[in-house]
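Enquirer: When you get a sec, could you give me coordinates for this:
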Amino acid sequence: MDNSVKIFDSEKTLHVLQEIERNPKVTQRDLAQRLEISLGKINFIVNALIDKGIIEIKNFKNSKNKLAYMYLLTPEGIKTKIELTHKFFIWKTQEYEKLKEEIGRLKSEANSFLPKQEPV
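Expert: Numbering: from 1, shown residues only. Prediction:
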């Protein structure tokens, strides 16, 4: 599976879409800081999302910068975000179940090392 396919099926992409939806005027640098992802990776994700028509970029005038950008989710982007949110829920539920099992095994193992208490 190449990187362009993986990108559309990842938590990072979901988080980028969520941030863009919350704040369309967010910069790539802000995204990188908020999501703790390198600026280069954010740039790669954003450009891939633009190329696939999931987000579009608009120019707007800003008093600080002569020209700034605004990212907007397209109808395809909204659909993608919904699909990724559903997958994210499944991923996290599976992760939770695995952790629950592991905690149970570790608890059982730890209890086997504790001295047995005599009934009173």
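Enquirer: Find the nearest non-adjacent residue to residue 77, please.
Expert: Nearest in space to residue 77, with sequence neighbours left out and distances taken as C-beta to C-beta, 6 or more residues apart in numbering, is residue 54 at 4.1 Å. Every residue, glycine included, has its C-beta placed from N, CA and C.
Enquirer: looking at it, the one you found is touching residue 71, isn't it?
Expert: No. Shown here, residue 54 and residue 71 do not form a contact pair, counting by C-beta atoms under 8 Å, at 10.0 Å.
Enquirer: Next secondary structure after the helix or strand bottoming out on mean pLDDT in the chain?
Expert: When the helices and strands of the chain are compared on mean pLDDT, DSSP states H and E, helix 3-7 comes out lowest with a mean of 59. Per DSSP states H and E, the first helix or strand lying C-terminal to helix 3-7 is helix 11-22.
Enquirer: re earlier: joint contacts of residue 54 and residue 71?
Expert: With contacts defined as C-beta atoms under 8 Å, 6 or more residues apart in numbering, no residue is adjacent to both residue 54 and residue 71.
Enquirer: List the buried residues in the helix or strand harbouring residue 111.
Expert: Taking DSSP H and E as the criterion, residue 111 maps to helix 75-113. Of the residues in helix 75-113, those with enough neighbours to count as buried (16 or more other C-beta atoms under 10 Å) are 77, 80-81, 84.
Enquirer: do the same with stretch 28-36
Expert: Within stretch 28-36, the residues scored as buried using 16+ other C-beta under 10 Å are 28, 31-32, 35.
Enquirer: Relative to residue 20, which of those is nearest.
Expert: Checking those against residue 20 by C-beta to C-beta gives residue 31 as the nearest, at 7.8 Å.
Enquirer: what's the helix or strand for the closest one?
Expert: Using DSSP H and E, residue 31 sits in helix 28-35.
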